[in-house]
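**Student:** Sequence below, structure please.
(2 chains)
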Amino acid sequence: MNSKLIQIAIENSDTIVQMWLEKIDSLKVDKFSSSTSDELFENTNREFVNVIFTSIKQQGSLIEVVAFSEKIITLGWPLSYITDGLQMFRRVTIDFILSNSDQVDTSFFSELLTSVDRWVEPIIHQLINEYTGSWEHILSIQRIALQELSAPLIPVTDGITIMPLIGTIDTERAKLIMENLLEGAIKHNSEVVLIDITGVPVVDTMVAHHIIQAAEAVRLIGATCILVGIRPEIAQTIVNLGIDLTNLPTKSSLKKGFTSALEITNRKIVDLKPKEDGIEEMIKSLQGE
Amino acid sequence: MSPHSCVKIRKEWDIVSARQLGREMAKKLGFSTVDQARIATAVSELARNIYLYAEEGQICFEVFETIERKGLRMGAFDTGPGITDISQVMQDGYTTSGGLGAGLPGVKRLMDEFDIQSEIGQGTQIKTVKWVR
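**Tutor:** You can find the predicted model right below:
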């Protein structure tokens, strides 16, 4: 029975493909941006339906399906294009076979449904697996990338280290910050550690708590921690929340924090050549022309 | 963005989406940068409370306007264990999780209006309002 149905489907593939192409065209309007050209859309549709028929002809071979799904993923088309497309194929094929059969009883009907399902299901399965696999892959790569960025420690000069924090701090990241801070402070032999929170969007009690803890731990290993980059609105919310930061030296900008870090380590920045001379020389040389 | 929208809090990252929605709505309503930061911080505190103590709940935002003024109403609703002694959690420095204990009293100071109702075993409802000045 199944093979007979396959026979019918393959013999009438041209008609089925035509019916399917007409239906799938309706997807373009609401699912795709105008940047997808009609030509690409039509070509892909033809390839899609060919892939389905190849799979049916080869009794469920999925080699072509894998290649096709890779192409669709690269194009960045929605998963619904594939699922809707296959649903339409199922409906069109069933409609076609039913309308071209003389005797339609319940057993024929149920066998037809089972057969068509058997053709379409493995393809849907394969495509969805490919799709979600690619998403999971991207997600895990991004998670690693994010983790690499989450708590960088930069030794700027002898004894001074900076940790710039950008973005949301969650519990996992807070843990990383603490570990990297302590490890780095010891490794680089830091006397002063600057934590820069310019890029932290919100400082709530949890974030403040973690920063206070990290600073306290830094103090325990014999270094000083300075919190820098407190924006005015953050300062106000910290006051509103009633967070006590009196034990933690703070500065508005990284520049000011760095200056006081130099003071703590008994150093200062000196210009080797006074600036005024340079400007006067430039004016003189211009006048000479 | 509808004038009434909710964010479900189940994972730690849901706190971030609640906060972003709150900030976005505050921005559209014309709150100052400081008030935007206040609202975002309050959302963060309430959402974190849900995540830490109730495990599941939601944060809802509603824009509302009267003739004289407009504001943002923010509610935190959960079906968690509830709070035994509300006056205790409203004290600065009281904590059961080893935190700073500034969350709820902090939210009260960050927002203009604050109302908390809790029933043991039923859950907690916190309703707050911030007026545009």
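
**Student:** Next up, the contacts around the closest residue to A:Glu191 other than its chain neighbours.
**Tutor:** Nearest in space to A:Glu191, with sequence neighbours left out and distances taken as Cβ to Cβ, 6 or more residues apart in numbering or on different chains, is A:Gly159 at 4.0 Å. C-beta coordinates here come from the backbone N, C-alpha and C atoms, glycine included. Counting by Cβ atoms under 8 Å, 6 or more residues apart in numbering or on different chains, A:Gly159 makes contact with A:Asn189, A:Ser190, A:Glu191, A:Val192, A:Thr265.

**Student:** what's the answer for A:Val218, then?
**Tutor:** Counted by Cβ under 8 Å, 6+ apart, A:Val218 has contacts A:Leu181, A:Leu182, A:Ala185, A:Val193, A:Thr224, A:Cys225.

**Student:** Spell out which parts of chain B neighbour chain A.
**Tutor:** Contact residues (Cβ under 8 Å from any Cβ of the partner chain) of chain B with chain A: B:12-13, B:15-16, B:19, B:33-34, B:36-38, B:40-41, B:44-45, B:48, B:92, B:99-103, B:105-106, B:109-110.

**Student:** Can you list which of the residues you listed are found in helices?
**Tutor:** Of the residues of chain B next to chain A, the ones assigned to helices by DSSP state H are B:12-13, B:15-16, B:19, B:33-34, B:36-38, B:40-41, B:44-45, B:48, B:103, B:105-106, B:109-110.

**Student:** Identify the residues contacting the nearest residue to A:Ile82 once chain neighbours are set aside.
**Tutor:** Distances taken as Cβ to Cβ, 6+ apart place A:Leu127 nearest to A:Ile82, at 4.8 Å, with adjacent residues excluded. With contact set as Cβ under 8 Å, 6+ apart, A:Leu127 has these partners: A:Val65, A:Phe68, A:Ser69, A:Ile72, A:Leu79, A:Ile82, A:Thr83, A:Leu86.

**Student:** cool, and A:Gln126?
**Tutor:** So A:Gln126 contacts A:Leu62, A:Val65, A:Val66, A:Ser69 (Cβ under 8 Å, 6+ apart).

**Student:** What of B:Arg109?
**Tutor:** Counted by Cβ under 8 Å, 6+ apart, B:Arg109 has contacts A:Asn240, A:Leu241, A:Gly242.

**Student:** from these, which would you call buried?
**Tutor:** Those of the contacts of B:Arg109 that meet the buried threshold are A:Asn240, A:Leu241, by 16 or more other Cβ atoms under 10 Å in any protein chain shown.

**Student:** What about chain B: which of the contacts of B:Arg109 touch it?
**Tutor:** A:Asn240, A:Leu241, A:Gly242.

**Student:** hmm, who's touching the helix or strand hosting A:Ile234?
**Tutor:** Assigned by DSSP states H and E, A:Ile234 falls within helix A:232-241. With contacts defined as Cβ under 8 Å, 6+ apart, helix A:232-241 is touched by A:197, A:200, A:202-205, A:208, A:230, A:245, B:33-34, B:36-38, B:41, B:45, B:102-103, B:106, B:109-110.

**Student:** List only buried entries from the residues you listed.
**Tutor:** Neighbour counting by 16+ other Cβ under 10 Å classes A:197, A:200, A:202-205, A:208, A:230, A:245, B:34, B:36-38, B:41, B:45, B:102-103, B:106, B:109-110 among the contacts of helix A:232-241 as buried.

**Student:** Checking B:Ile59 next. Helix, strand or coil?
**Tutor:** strand (DSSP: H, G, I helix; E, B strand; the rest coil).

**Student:** Hmm, it is touching B:Gly22, no?
**Tutor:** Yes. Applying Cβ atoms under 8 Å, one finds B:Ile59 in contact with B:Gly22, separated by 7.4 Å.

**Student:** Need the residues touching each of these two.
**Tutor:** With Cβ under 8 Å, 6+ apart, B:Ile59 and B:Gly22 have common neighbours B:Val43, B:Met74.

**Student:** tell me the contacts of B:Asp78?
**Tutor:** Taking Cβ under 8 Å, 6+ apart, we find B:Asp78 in contact with B:Ile9, B:Ile50, B:Tyr53, B:Ala54, B:Glu56, B:Gly57, B:Gln58, B:Gly123, B:Thr124.

**Student:** what pLDDT does residue 24 get?
**Tutor:** Chain wasn't specified; assuming chain A. With respect to pLDDT, A:Ile24 has a value of 78.

**Student:** my question was about chain B
**Tutor:** 93.

**Student:** Which element, helix or strand, includes it?
**Tutor:** helix B:12-29.

**Student:** Helix B:33-49 and that helix, what's the angle between them?
**Tutor:** 150 degrees (axes from the mean of the first three to the mean of the last three Cα atoms, to 10 degrees).

**Student:** Who are the contact partners of the residue lying farthest from the centre of chain B?
**Tutor:** Here chain B reaches farthest from its C-alpha mean at B:Ile67, the gap being 25.2 Å by Cα atoms, centre = their mean. Listed by Cβ under 8 Å, 6+ apart, B:Ile67 has no contact partners.

**Student:** for it, phi and psi?
**Tutor:** Dihedral pair for B:Ile67: phi -70, psi -40, per degrees, to the nearest 10.
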